[in-house]
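>>> Sequence first, then the predicted structure, then my questions.
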Amino acid sequence: MEKFEIIIPTIFGLEAFVSREVRALGYETTSVEDGRVTFLGDYRAICRANLWVRTGERVLIKVAEFEARTFSELFDSTKAIDWSRWIGKDNAFPVTGFCLKSVLASMRDCQSIIKKAIVDSMSQKYGITHFEETGAVYQIRFSVMKDRVTLMLDTTGDGLHKRGYRAVSNAAPLKETIAASMIMLSHWKYEYPLADPLCGSGTIPIEAAMIKRNIAPGLTRGFLSEGFSQCPKELWDEAREEARSLEKNVPLEIFASDIDANTIEIAKRNAVLAGVGDAVVPTVLNAGDFYTDIPYGTVICNPPYGERLGDEKMCQELYAIMGKAFKKLDKWSYYILTSNEGFEKAFGKVADKKRKLYNGMLKCNIYQYFGERPPRK
(Lines give C-alpha, C1' and ligand atoms only; values in the text may rest on other atoms or scores of the structure.)
Protein backbone atom coordinates (compact mmCIF):
# COMPACT_ATOMS: atom_id res chain seq x y z
CA MET A 1 0.00 0.00 0.00
CA GLU A 2 1.25 3.48 -0.92
CA LYS A 3 2.96 5.40 1.89
CA PHE A 4 3.06 9.16 2.41
CA GLU A 5 3.85 11.67 5.13
CA ILE A 6 1.14 12.09 7.75
CA ILE A 7 1.04 15.20 9.93
CA ILE A 8 -0.75 15.45 13.28
CA PRO A 9 -1.03 19.08 14.45
CA THR A 10 -0.90 19.53 18.21
CA ILE A 11 -1.55 22.12 20.86
CA PHE A 12 1.80 23.70 21.78
CA GLY A 13 3.20 21.63 24.62
CA LEU A 14 1.57 18.32 23.67
CA GLU A 15 4.01 17.23 20.92
CA ALA A 16 5.70 14.60 23.11
CA PHE A 17 2.37 12.97 23.95
CA VAL A 18 1.35 12.72 20.29
CA SER A 19 4.76 11.34 19.34
CA ARG A 20 4.40 8.66 22.03
CA GLU A 21 0.94 7.74 20.74
CA VAL A 22 2.20 7.43 17.16
CA ARG A 23 4.97 5.08 18.28
CA ALA A 24 2.49 3.04 20.33
CA LEU A 25 0.54 2.46 17.09
CA GLY A 26 3.69 0.99 15.56
CA TYR A 27 4.89 3.93 13.45
CA GLU A 28 8.17 5.84 13.68
CA THR A 29 8.01 9.62 13.78
CA THR A 30 10.10 11.38 11.14
CA SER A 31 9.95 14.80 12.80
CA VAL A 32 8.62 16.40 15.98
CA GLU A 33 8.33 20.19 15.71
CA ASP A 34 6.46 22.90 17.60
CA GLY A 35 2.80 22.20 16.99
CA ARG A 36 3.14 19.11 14.78
CA VAL A 37 4.29 15.50 14.64
CA THR A 38 5.05 13.77 11.31
CA PHE A 39 5.35 10.09 10.43
CA LEU A 40 5.21 7.82 7.37
CA GLY A 41 2.07 5.74 6.86
CA ASP A 42 -0.59 4.51 4.48
CA TYR A 43 -4.40 4.67 4.43
CA ARG A 44 -4.57 1.96 7.09
CA ALA A 45 -2.49 4.27 9.27
CA ILE A 46 -4.94 7.09 8.50
CA CYS A 47 -7.81 4.97 9.86
CA ARG A 48 -5.92 3.83 12.95
CA ALA A 49 -4.53 7.27 13.81
CA ASN A 50 -7.96 8.87 13.55
CA LEU A 51 -9.45 6.24 15.83
CA TRP A 52 -6.67 6.14 18.43
CA VAL A 53 -4.84 9.47 18.79
CA ARG A 54 -6.08 11.17 21.97
CA THR A 55 -3.82 14.22 22.24
CA GLY A 56 -3.55 15.45 18.61
CA GLU A 57 -5.80 17.88 16.77
CA ARG A 58 -6.40 16.08 13.45
CA VAL A 59 -4.76 13.71 10.95
CA LEU A 60 -3.46 15.32 7.72
CA ILE A 61 -1.80 13.93 4.61
CA LYS A 62 1.12 16.11 3.50
CA VAL A 63 0.64 16.79 -0.21
CA ALA A 64 3.55 19.17 -0.76
CA GLU A 65 5.93 21.60 0.93
CA PHE A 66 7.85 24.49 -0.63
CA GLU A 67 9.07 28.04 -0.02
CA ALA A 68 7.09 31.00 -1.36
CA ARG A 69 7.65 34.70 -0.78
CA THR A 70 5.45 35.98 -3.60
CA PHE A 71 1.94 35.12 -4.72
CA SER A 72 3.36 34.04 -8.08
CA GLU A 73 5.61 31.50 -6.38
CA LEU A 74 2.69 30.26 -4.33
CA PHE A 75 0.48 29.88 -7.42
CA ASP A 76 3.11 28.20 -9.61
CA SER A 77 4.25 25.72 -6.97
CA THR A 78 0.66 24.78 -6.08
CA LYS A 79 -0.36 24.38 -9.72
CA ALA A 80 2.64 22.12 -10.42
CA ILE A 81 1.23 19.47 -8.06
CA ASP A 82 -0.75 16.57 -9.59
CA TRP A 83 -3.94 17.19 -7.64
CA SER A 84 -5.79 14.51 -9.60
CA ARG A 85 -3.81 11.99 -7.52
CA TRP A 86 -5.92 13.07 -4.58
CA ILE A 87 -9.09 14.75 -5.84
CA GLY A 88 -11.65 13.49 -8.35
CA LYS A 89 -13.36 15.79 -10.83
CA ASP A 90 -16.67 15.63 -8.90
CA ASN A 91 -15.21 16.10 -5.41
CA ALA A 92 -15.51 19.25 -3.33
CA PHE A 93 -12.17 20.77 -2.31
CA PRO A 94 -12.57 23.78 0.01
CA VAL A 95 -9.36 25.50 1.13
CA THR A 96 -8.53 26.87 4.56
CA GLY A 97 -5.37 27.61 6.52
CA PHE A 98 -3.22 30.19 8.28
CA CYS A 99 -0.15 32.40 7.80
CA LEU A 100 2.42 33.09 10.52
CA LYS A 101 5.67 35.05 10.46
CA SER A 102 5.71 35.12 6.64
CA VAL A 103 5.93 37.66 3.83
CA LEU A 104 2.64 36.24 2.58
CA ALA A 105 0.66 37.40 5.58
CA SER A 106 -2.88 37.47 4.19
CA MET A 107 -4.71 34.21 4.85
CA ARG A 108 -7.57 35.17 2.53
CA ASP A 109 -5.27 35.99 -0.39
CA CYS A 110 -3.33 32.75 0.06
CA GLN A 111 -6.59 30.82 0.29
CA SER A 112 -7.86 32.32 -2.97
CA ILE A 113 -4.59 31.77 -4.85
CA ILE A 114 -4.23 28.15 -3.71
CA LYS A 115 -7.81 27.41 -4.74
CA LYS A 116 -7.31 28.95 -8.19
CA ALA A 117 -4.03 27.06 -8.69
CA ILE A 118 -5.68 23.73 -7.81
CA VAL A 119 -8.53 24.45 -10.24
CA ASP A 120 -6.06 25.27 -13.03
CA SER A 121 -4.05 22.11 -12.34
CA MET A 122 -7.14 19.90 -12.35
CA SER A 123 -8.54 21.63 -15.44
CA GLN A 124 -5.46 20.57 -17.39
CA LYS A 125 -5.75 17.01 -16.10
CA TYR A 126 -9.49 16.48 -16.54
CA GLY A 127 -10.04 18.70 -19.59
CA ILE A 128 -12.81 20.77 -17.97
CA THR A 129 -12.89 24.34 -16.70
CA HIS A 130 -15.75 24.17 -14.20
CA PHE A 131 -16.02 21.88 -11.17
CA GLU A 132 -19.44 21.35 -9.59
CA GLU A 133 -17.89 20.07 -6.31
CA THR A 134 -20.94 17.97 -5.47
CA GLY A 135 -19.11 14.79 -4.40
CA ALA A 136 -17.15 13.78 -1.31
CA VAL A 137 -15.32 16.59 0.51
CA TYR A 138 -11.53 16.71 0.29
CA GLN A 139 -10.65 19.55 2.68
CA ILE A 140 -7.38 21.26 1.72
CA ARG A 141 -5.48 22.85 4.60
CA PHE A 142 -2.40 25.04 4.24
CA SER A 143 0.10 26.60 6.59
CA VAL A 144 2.51 29.39 5.68
CA MET A 145 5.12 29.60 8.43
CA LYS A 146 8.33 31.58 8.00
CA ASP A 147 7.73 31.57 4.22
CA ARG A 148 7.44 27.76 4.18
CA VAL A 149 4.18 26.57 2.63
CA THR A 150 2.74 23.18 3.58
CA LEU A 151 -0.29 21.88 1.66
CA MET A 152 -2.25 19.12 3.36
CA LEU A 153 -5.36 17.01 2.95
CA ASP A 154 -7.58 16.76 6.04
CA THR A 155 -8.67 13.17 6.75
CA THR A 156 -10.42 13.94 10.05
CA GLY A 157 -13.09 16.64 9.62
CA ASP A 158 -14.21 17.84 13.05
CA GLY A 159 -11.17 17.95 15.34
CA LEU A 160 -10.05 14.79 17.12
CA HIS A 161 -11.16 16.26 20.44
CA LYS A 162 -14.75 15.79 19.23
CA ARG A 163 -15.09 12.32 20.70
CA GLY A 164 -18.87 12.27 20.36
CA TYR A 165 -19.74 11.87 24.04
CA ARG A 166 -19.94 15.52 25.06
CA ALA A 167 -23.30 16.48 23.57
CA VAL A 168 -23.65 19.13 26.29
CA SER A 169 -20.94 20.89 28.28
CA ASN A 170 -20.54 23.52 30.99
CA ALA A 171 -19.58 27.15 30.35
CA ALA A 172 -15.82 26.64 29.95
CA PRO A 173 -15.13 23.00 29.10
CA LEU A 174 -11.62 21.59 29.08
CA LYS A 175 -10.56 20.26 25.70
CA GLU A 176 -10.51 16.46 25.65
CA THR A 177 -7.00 16.40 24.17
CA ILE A 178 -5.63 18.37 27.13
CA ALA A 179 -7.49 16.20 29.63
CA ALA A 180 -5.99 13.08 28.05
CA SER A 181 -2.48 14.57 28.19
CA MET A 182 -2.88 15.36 31.91
CA ILE A 183 -3.85 11.75 32.61
CA MET A 184 -0.90 10.43 30.60
CA LEU A 185 1.45 12.83 32.40
CA SER A 186 0.24 11.61 35.79
CA HIS A 187 1.06 7.93 35.12
CA TRP A 188 -2.08 7.13 37.12
CA LYS A 189 -2.40 3.41 37.86
CA TYR A 190 -5.98 2.17 37.58
CA GLU A 191 -5.53 -0.06 40.66
CA TYR A 192 -5.74 3.12 42.75
CA PRO A 193 -8.43 5.80 42.74
CA LEU A 194 -8.48 8.95 40.65
CA ALA A 195 -10.41 12.06 41.69
CA ASP A 196 -11.55 15.26 40.02
CA PRO A 197 -13.34 17.40 42.65
CA LEU A 198 -14.05 20.14 40.07
CA CYS A 199 -15.19 17.81 37.29
CA GLY A 200 -17.51 20.15 35.36
CA SER A 201 -18.98 18.21 32.45
CA GLY A 202 -16.81 15.22 33.35
CA THR A 203 -14.07 15.43 30.74
CA ILE A 204 -11.09 14.40 32.91
CA PRO A 205 -12.80 11.43 34.63
CA ILE A 206 -14.29 10.22 31.34
CA GLU A 207 -10.98 10.46 29.48
CA ALA A 208 -9.28 8.64 32.36
CA ALA A 209 -11.76 5.78 32.23
CA MET A 210 -11.45 5.51 28.44
CA ILE A 211 -7.65 5.42 28.63
CA LYS A 212 -7.51 2.74 31.33
CA ARG A 213 -10.08 0.60 29.52
CA ASN A 214 -8.25 1.18 26.22
CA ILE A 215 -11.36 2.52 24.51
CA ALA A 216 -10.38 4.17 21.22
CA PRO A 217 -11.53 7.82 21.47
CA GLY A 218 -12.74 7.97 17.85
CA LEU A 219 -14.59 4.66 17.84
CA THR A 220 -18.14 6.05 17.81
CA ARG A 221 -17.69 9.03 15.47
CA GLY A 222 -17.23 9.53 11.74
CA PHE A 223 -14.31 10.98 9.77
CA LEU A 224 -13.99 12.97 6.56
CA SER A 225 -11.78 10.36 4.90
CA GLU A 226 -14.51 7.73 5.13
CA GLY A 227 -15.74 9.38 1.93
CA PHE A 228 -12.35 9.15 0.18
CA SER A 229 -12.22 6.74 -2.76
CA GLN A 230 -8.62 5.91 -1.77
CA CYS A 231 -9.66 4.79 1.72
CA PRO A 232 -12.16 1.93 1.29
CA LYS A 233 -14.73 0.90 3.88
CA GLU A 234 -12.90 -2.37 4.49
CA LEU A 235 -9.95 -0.50 6.02
CA TRP A 236 -12.25 1.34 8.42
CA ASP A 237 -14.07 -1.87 9.34
CA GLU A 238 -10.75 -3.59 10.08
CA ALA A 239 -9.50 -0.68 12.18
CA ARG A 240 -12.70 -0.47 14.21
CA GLU A 241 -12.76 -4.22 14.75
CA GLU A 242 -9.16 -4.08 15.96
CA ALA A 243 -10.09 -1.26 18.37
CA ARG A 244 -13.04 -3.17 19.83
CA SER A 245 -10.92 -6.28 20.34
CA LEU A 246 -8.36 -4.32 22.39
CA GLU A 247 -10.79 -2.90 24.98
CA LYS A 248 -10.23 -3.95 28.60
CA ASN A 249 -13.03 -4.15 31.14
CA VAL A 250 -10.89 -3.32 34.18
CA PRO A 251 -12.53 -2.21 37.45
CA LEU A 252 -12.03 1.50 38.16
CA GLU A 253 -12.51 3.77 41.16
CA ILE A 254 -13.00 7.31 39.89
CA PHE A 255 -14.38 10.11 42.08
CA ALA A 256 -15.99 12.91 40.07
CA SER A 257 -17.69 15.78 41.83
CA ASP A 258 -18.71 19.40 41.38
CA ILE A 259 -20.64 21.97 43.40
CA ASP A 260 -23.21 22.58 40.62
CA ALA A 261 -26.06 20.04 40.39
CA ASN A 262 -26.93 20.87 36.76
CA THR A 263 -23.33 20.35 35.69
CA ILE A 264 -23.27 16.99 37.47
CA GLU A 265 -26.29 15.84 35.46
CA ILE A 266 -24.44 16.79 32.26
CA ALA A 267 -21.38 14.84 33.42
CA LYS A 268 -23.50 11.76 34.14
CA ARG A 269 -25.03 11.84 30.64
CA ASN A 270 -21.62 12.32 29.04
CA ALA A 271 -20.15 9.35 30.95
CA VAL A 272 -22.98 7.11 29.74
CA LEU A 273 -22.49 8.29 26.14
CA ALA A 274 -18.77 7.54 26.42
CA GLY A 275 -19.50 3.99 27.55
CA VAL A 276 -18.02 4.46 31.04
CA GLY A 277 -21.17 5.22 33.01
CA ASP A 278 -20.41 2.39 35.45
CA ALA A 279 -16.93 3.78 36.23
CA VAL A 280 -17.74 7.51 36.39
CA VAL A 281 -20.70 8.39 38.63
CA PRO A 282 -20.45 12.13 39.38
CA THR A 283 -21.82 13.54 42.63
CA VAL A 284 -22.63 17.02 43.97
CA LEU A 285 -19.91 18.09 46.39
CA ASN A 286 -17.96 21.21 47.30
CA ALA A 287 -14.29 20.84 46.39
CA GLY A 288 -13.32 21.80 49.94
CA ASP A 289 -15.31 18.87 51.32
CA PHE A 290 -13.65 16.21 49.20
CA TYR A 291 -12.00 13.56 51.36
CA THR A 292 -11.35 9.83 51.38
CA ASP A 293 -9.47 7.61 53.79
CA ILE A 294 -8.00 5.60 50.90
CA PRO A 295 -4.27 6.17 51.44
CA TYR A 296 -3.04 6.39 47.83
CA GLY A 297 -4.51 8.00 44.73
CA THR A 298 -4.28 10.80 42.17
CA VAL A 299 -6.14 14.12 41.84
CA ILE A 300 -6.34 15.62 38.35
CA CYS A 301 -8.38 18.79 37.95
CA ASN A 302 -8.88 22.00 35.99
CA PRO A 303 -10.12 24.75 38.34
CA PRO A 304 -11.29 28.17 37.06
CA TYR A 305 -8.44 30.47 36.01
CA GLY A 306 -9.94 33.92 36.52
CA GLU A 307 -9.57 34.82 32.81
CA ARG A 308 -12.54 32.75 31.72
CA LEU A 309 -14.80 32.20 34.72
CA GLY A 310 -15.30 34.17 37.94
CA ASP A 311 -12.76 36.73 39.01
CA GLU A 312 -9.27 36.78 40.44
CA LYS A 313 -10.28 37.02 44.10
CA MET A 314 -12.76 34.15 43.83
CA CYS A 315 -10.13 31.96 42.15
CA GLN A 316 -7.54 32.71 44.84
CA GLU A 317 -10.08 31.75 47.52
CA LEU A 318 -10.90 28.52 45.69
CA TYR A 319 -7.20 27.62 45.36
CA ALA A 320 -6.75 28.13 49.11
CA ILE A 321 -9.74 25.87 49.82
CA MET A 322 -8.29 23.22 47.49
CA GLY A 323 -4.92 23.43 49.24
CA LYS A 324 -6.46 22.76 52.65
CA ALA A 325 -8.59 19.88 51.34
CA PHE A 326 -5.80 18.21 49.39
CA LYS A 327 -3.38 18.53 52.31
CA LYS A 328 -5.43 15.86 54.10
CA LEU A 329 -4.62 13.44 51.26
CA ASP A 330 -0.97 13.49 52.25
CA LYS A 331 0.12 10.46 50.19
CA TRP A 332 -1.81 11.40 47.05
CA SER A 333 -0.41 13.07 43.91
CA TYR A 334 -2.07 16.16 42.39
CA TYR A 335 -2.00 17.47 38.82
CA ILE A 336 -3.69 20.85 38.51
CA LEU A 337 -4.06 22.90 35.32
CA THR A 338 -4.41 26.68 35.49
CA SER A 339 -3.13 29.82 33.80
CA ASN A 340 -3.21 31.73 37.08
CA GLU A 341 0.36 32.77 37.96
CA GLY A 342 -0.57 33.12 41.64
CA PHE A 343 -1.79 29.55 41.98
CA GLU A 344 1.06 28.11 44.10
CA LYS A 345 0.94 30.95 46.61
CA ALA A 346 -2.83 30.67 47.03
CA PHE A 347 -2.72 26.85 47.09
CA GLY A 348 -0.13 27.02 49.86
CA LYS A 349 2.47 24.73 48.33
CA VAL A 350 5.12 25.01 45.62
CA ALA A 351 4.77 22.39 42.88
CA ASP A 352 7.39 19.67 42.54
CA LYS A 353 7.33 20.26 38.79
CA LYS A 354 5.52 22.40 36.21
CA ARG A 355 4.73 21.70 32.57
CA LYS A 356 3.74 24.50 30.19
CA LEU A 357 1.03 24.16 27.54
CA TYR A 358 -1.56 26.34 25.82
CA ASN A 359 -5.29 25.98 26.49
CA GLY A 360 -6.63 27.96 23.53
CA MET A 361 -4.71 31.24 23.64
CA LEU A 362 -3.98 30.96 27.37
CA LYS A 363 -0.52 29.96 28.52
CA CYS A 364 -1.10 27.43 31.29
CA ASN A 365 0.91 25.23 33.61
CA ILE A 366 0.18 21.76 34.88
CA TYR A 367 1.29 22.02 38.52
CA GLN A 368 2.54 18.59 39.56
CA TYR A 369 2.68 17.47 43.18
CA PHE A 370 4.13 14.01 43.69
CA GLY A 371 2.81 11.85 46.52
CA GLU A 372 4.31 8.67 47.88
CA ARG A 373 4.78 5.83 45.42
CA PRO A 374 1.98 3.35 46.16
CA PRO A 375 2.80 -0.32 46.74
CA ARG A 376 2.38 -2.57 43.72
CA LYS A 377 -0.85 -4.55 43.72
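Perfect, I can see it now. Numbers count the residues shown, from 1 in each chain.
>>> Can you classify Leu104 as helix, strand or coil?
Recorded secondary structure, Leu104: coil (DSSP: H, G, I helix; E, B strand; the rest coil).
>>> mind listing the strands for the chain?
4-9, 29-33, 36-41, 60-67, 95-100, 140-145, 148-154, 194-196, 254-258, 283-284, 298-301, 333-338, 353-359, 362-369 (DSSP state E).
>>> Return the most buried member of the ones you listed.
Ranked by average neighbour count under the criterion mean count of other Cβ atoms under 10 Å, the strands of the chain are headed by strand 194-196 at a mean of 28. In short, each C-beta sits where N, CA and C put it, glycine included.
>>> residues making contact with that one?
Applying Cβ atoms under 8 Å, 6 or more residues apart in numbering, the external contacts of strand 194-196 come out as 188, 204-205, 208, 252-257, 290, 292, 297-301.
>>> before we move on, what about stretch 8-20?
Contacts of stretch 8-20 (Cβ under 8 Å, 6+ apart): 22, 29, 32-39, 49, 53-60, 175, 177-178, 180-181, 184-185, 355-359.
>>> low-confidence ranges in this protein?
Within the chain, the segments meeting pLDDT under 70 span 168-172, 307-310.
>>> Outline the domain layout of it.
Domain ranges of the chain: 4-154, 176-215+222-369, per automatic domain parsing.
>>> Out of the strands of the chain, which gets nearest to His130?
Closest approach to His130 among the strands of the chain is made by strand 95-100 (17.1 Å; Cβ to Cβ).
>>> which helices and strands does the closest one pack with?
With contacts defined as 3 or more Cβ pairs under 8 Å, 6 or more residues apart in numbering; DSSP states H and E, strand 95-100 has these neighbours: helix 107-126, strand 140-145.
>>> Same list (the domains of the chain) but as TSV, adding distance to Leu160.
What follows is the domains of the chain, written out as TSV (distance: least, Cβ to Cβ, whole Å):
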stretch	distance to Leu160
domain 4-154	6
domain 176-215+222-369	7
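>>> Could I get the full set of helices for the stretch 201-350 of the chain?
203-212, 233-245, 261-273, 312-327, 343-347 (DSSP state H, counting those that start in this stretch).
>>> which of those helices sits most buried?
Mean neighbour counts for the helices of the stretch 201-350 of the chain (mean count of other Cβ under 10 Å) peak at helix 203-212, with a mean of 27.
>>> Kind regards, and thank you for your time.
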